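[1] below: sequence and its predicted model.
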Amino acid sequence: MSSLPETVEKEFNIFFKKTKTSKEIYEKTKPLIPFGVCSNYRSLEPYPIYFKAGRGSRLYDADGNEYIDYNLAFGVLVAGHMHPKLTEVVEERIKNGVILGFEYEKIFILAELLKKRFNIDMVRFSSTGLEATLHALRLARGYTQRNKIIKFLGMYHGSHDFMLVSTKPNIYAAGHVKRPAKVPSGPGVSKAALSEILIAQYGDLESVEMLLRENPDDVAAVILEPVAMNIGVVVPSKEFMKGLRRLCDEYGVILVFDEVKTSGKLYHGAEEFFGVKPDLKVMAKAIAGGFPLSVIAGKKEIMENYGPGLVPHAGTFNSNPLSIDAGIVTLSEILTREAMDRTIKYNMELVKAYEDILSDAGVEHHVAYFGNSATVFFSEKEIRTWHDFLRYQHVGKWWAYFVAMMNRGIVPTAPGYDEQWTVSVQHTEEDIQKTIDALNDVAPLLAEKIPDFKIIEAF
Ligand SMILES: Cc1ncc(COP(=O)(O)O)c(C=O)c1O
């Protein structure tokens, strides 16, 4: 850390002092749990921060430090932490059994709510985003009787072999901009799965068309986040989305929208924003207010291919009553249109403040937003692709920003320079003002000469 400006080094030292208990917990945890975490994305150097509670818009770490939370469990908690309406429903459910081993009598209520809100015909429920993309892709293969899947460089769709390809390759592994490379996201990723994946460039229709032309009868599906949330927020053009729809129709390919994150960013998710209807759509994270629930959804003629003797889809915890009840109350009473509009209004206040404050301080930046979410890139250029991200994101500045905001009681995003912040229905005007005050304090520090370092790991 010796090459850091004094002011930034001071911030790191304050942070280490503030989070001493996390370090102690890490010492006890690491002999038992690799890297002290159960999801690689929660790992932090030199130790992860451990938390004990979340209430409303606030999060409390093991040292008792209070933070305004904009990570919101990687976008899960648009309802905020334990919304009172959700708590009431869940407490009642716990008294009556959280898993019944047969289908729960209320599954059709949640299915109807989703159908009305997200423009789909039929649904199946699972628990995590990972399961939802895995099952949607199997359904696409079963329906089309083809094998290959096109995904985009830099995109994350969950921790299963088919999607652990070219998620976050480093600059040397990422390949040509027009012809992104296919690389496993780490040791252990199945070579067989790798052989079925083709990699295109986000926002570049030509790169998709090239792969379709080369594999005219082999591609079952194209999967993408309609708005990227995993290379920071990147909103592609409407022409790109419309072009994808046209290409998929032309080649008989299933278009899959991964709305695991974006279904919680606008009232109707991202589909309505683009006016492009996918064949299948997966949703998760925000829709059950913090409980594990994912949805595989889409057109009737495709969804009907799930069933005994047809495309396999199963899971012991699928549609468990706890998650179903949580989903019903979250969608009908918590993430209402009015509440979602408020999250978007607050987000726009934050976006404007970030723009103004960083510009006034002379910090190179670019803020990209969608609905109630946004990313600040410390970059001289707008970021449109993972290649741009690797080239232009100033990772050193990002860390200084993250730590300095944490020291002022703000979790500004997930602890990842390719993430975004989200505003929940429980954030208040006062929270927004406190965040703006903190940024005002932090901005001059970011104008200092902070060393950058390039992303070296591929994960
Ligand atoms: C776009 C997207 N799809 C899928 C997933 C996987 O979801 P889960 O972590 O619930 O398995 C994620 C997780 O962050 C995601 O961001």
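    Nice, I can see it. Numbering: from 1, shown residues only.

[2] quick one: the closest residue to G362 other than its chain neighbours from the ligand, how far?
    Counting by Cβ to Cβ, 6 or more residues apart in numbering, G362 lies nearest to A447, which is 5.0 Å off, once chain neighbours are set aside. (Glycine included, C-beta is placed from N, CA and C.) According to Cβ to the nearest ligand atom, to the nearest Å, A447 and the ligand sit 32 Å apart.

[3] one more: T330?
    In this view, T330 and the ligand are 16 Å apart by Cβ to the nearest ligand atom.

[4] that residue: what's it in contact with?
    Residues near T330 by Cβ atoms under 8 Å, 6 or more residues apart in numbering: A79, H83, L86, A286, I287, A288, G289.

[5] do the same with I199
    With Cβ under 8 Å, 6+ apart, I199 has these contacts: I150, K151, F152, L153, V165, S166, G175, P180, A181, K182.

[6] residues near I231, how many?
    Other residues within reach of I231 by the criterion other Cβ atoms under 10 Å amount to 29.

[7] pretty sure T133 sits in a strand.
    No: if the criterion is DSSP: H, G, I helix; E, B strand; the rest coil, then T133 is helix and not within a strand.

[8] not counting sequence-adjacent ones, nearest residue to it?
    H157 (4.4 Å).

[9] surely T385 and G154 touch.
    Yes: counting by Cβ atoms under 8 Å, T385 touches G154, with 7.0 Å between them.

[10] neighbour count winner among those two?
    G154 (26 against 23).

[11] list the buried residues of the helix or strand where E355 lies.
    Using DSSP states H and E, E355 sits within helix 337-361. Going by neighbour count (16 or more other Cβ atoms under 10 Å), the buried part of helix 337-361 is 339-340, 342-344, 346-347, 350-351, 353-354, 357-358, 361.

[12] re the thing from before, just checking, which of the contacts of T330 belong to helices?
    Of those, the ones assigned to helices by DSSP state H are L86.

[13] I'd like the contacts of T330 as a markdown table, with distance to R141 appended.
    Output for the contacts of T330, formatted as a markdown table (distance: Cβ to Cβ, whole Å):
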| residue | distance to R141 |
| --- | --- |
| A79 | 34 |
| H83 | 38 |
| L86 | 36 |
| A286 | 28 |
| I287 | 25 |
| A288 | 27 |
| G289 | 32 |
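
[14] and the two most separated of the contacts of T330?
    Within the contacts of T330, two members stand farthest from each other by Cβ to Cβ: H83 and I287, at 13.3 Å.

[15] between the two, who's got more neighbours?
    I287 (29 against 26).

[16] for the more buried one, give its distance to S190.
    The gap separating I287 from S190 is 30 Å, by Cβ to Cβ, to the nearest Å.

[17] test my guess that the residue nearest to G362 contacts H365.
    No: with contacts counted by Cβ under 8 Å, A447 stays clear of H365, the gap being 10.6 Å.

[18] these two: which is more packed in?
    H365 (20 against 14).

[19] nearest residue to that one in space, please, no chain neighbours.
    Leaving aside its sequence neighbours, H365 sits nearest to L358 (Cβ to Cβ, 6+ apart; 4.4 Å).

[20] hmm, V442 and that neighbour touching each other?
    No: using Cβ under 8 Å, L358 is not in contact with V442, being 9.7 Å away.

[21] what residues does this protein have near the ligand?
    74, 128-130, 133, 156-158, 225, 229-230, 258, 260-261, 284 (Cβ under 6 Å from any ligand atom).

[22] repeat the analysis, applying 8 Å as the threshold.
    39, 41, 74-75, 127-133, 155-159, 163, 225, 229-230, 258-262, 282, 284-285, 292, 294 (Cβ under 8 Å from any ligand atom).

[23] in helices, which of these fall?
    F74, G75, G129, L130, E131, A132, T133.

[24] just the closest of the residues you listed to the ligand, please.
    G129 (2.1 Å; Cβ to the nearest ligand atom).

[25] ok, now how distant is that closest one from A326?
    When distance is defined by Cβ to Cβ, G129 is 16 Å away from A326.

[26] got it, and E103?
    From E103 to A326 the distance is 17 Å (Cβ to Cβ).

[27] between those two, which one's more packed in?
    A326 (26 against 13).

[28] check contacts around R42.
    Applying Cβ under 8 Å, 6+ apart, the residues contacting R42 are P48, P415.

[29] could you rerun that using 6 Å?
    Contact analysis of R42 by Cβ atoms under 6 Å, 6 or more residues apart in numbering lists P48.

[30] what sits closest to the residue sitting nearest the centre point of the chain if chain neighbours are left out?
    For the chain, the residue nearest the mean C-alpha position is K261 (4.7 Å; Cα atoms, centre = their mean). Distances taken as Cβ to Cβ, 6+ apart place M229 nearest to K261, at 4.3 Å, with adjacent residues excluded.
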